[in-house]
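Undergrad: model the following, please.
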Amino acid sequence: MVSQNRIPPVRRFQSGFTLIELIVVVTIVGILASVAVINIRNAQRKAREAALRDNLAKMRGAIDNFYADKQRYPANLEELVPNYLKFVPKDPITMNEDWEEVMEEPDPDAPENTDAEGNAVAPDMSDVRSRAPGNTLDEKPYSEL
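TA: Prediction:
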């Protein structure tokens, strides 16, 4: 009678990974993980910078549309809401609505710089910039975008 509980013979040479192979694989995985973490950190910053550029482009477009409709620049960003912008966006770098409103430089001799009584009129906003400190990834100051 043949027994069903046969124990396989002990192999003389076991197959598997050596310690050196495992160390090499773990080192390669560690290097790839560190590169991925650096790229993720830069990707978040790139996304914020792209959002900043997009917000500035939309607000500048709204200022231009306002000027085309009314033949004057808006007094501030709030004058663009709701007809030209749904809302004033937040600066994605500072996470606040702290935009720098650049006022047009008035011509002192121009008659449109005074009201009907001859009083001086405050200049209107012709551009908008970010107040975020620091530089972009390509070393351009946020305030110059």
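
Undergrad: got any ranges where this structure has weak pLDDT?
TA: 1-5, 7-14, 106-122 (pLDDT under 70).

Undergrad: just the strands in it please.
TA: Counting by DSSP state E, the chain has these strands, from start to end: 100-103, 125-129.

Undergrad: hmm, A62 is touching V81, no?
TA: No - between A62 and V81 there is no contact under C-beta atoms under 8 Å: 9.1 Å. From N, CA and C alone the C-beta is placed, and that goes for glycine too.

Undergrad: which one's more surrounded, the two?
TA: Between A62 and V81, A62 has the larger neighbour count (other C-beta atoms under 10 Å), namely 20 against 13.

Undergrad: what residues are up against the closest residue in space to R48 that isn't next to it in sequence?
TA: In space, and not counting its chain neighbours, R48 is closest to P92: 4.5 Å by C-beta to C-beta, 6 or more residues apart in numbering. If a contact means C-beta atoms under 8 Å, 6 or more residues apart in numbering, then P92 has 48-49, 51-52, 55 as its contacts.

Undergrad: show me the contact partners of stretch 33-43.
TA: Under C-beta under 8 Å, 6+ apart, the answer for stretch 33-43 is L137.

Undergrad: at 6 Å what do you get?
TA: Outside stretch 33-43, no residue is within contact range by C-beta atoms under 6 Å, 6 or more residues apart in numbering.

Undergrad: nearest residue to D91 in space, ignoring adjacent ones along the chain?
TA: Per C-beta to C-beta, 6+ apart, closest to D91 is S130, 5.4 Å.

Undergrad: count the neighbours of that neighbour for me.
TA: Neighbours of S130 (other C-beta under 10 Å): 21.

Undergrad: can you pull the contacts of it?
TA: With C-beta under 6 Å, 6+ apart, S130 has these contacts: 52, 91, 142.
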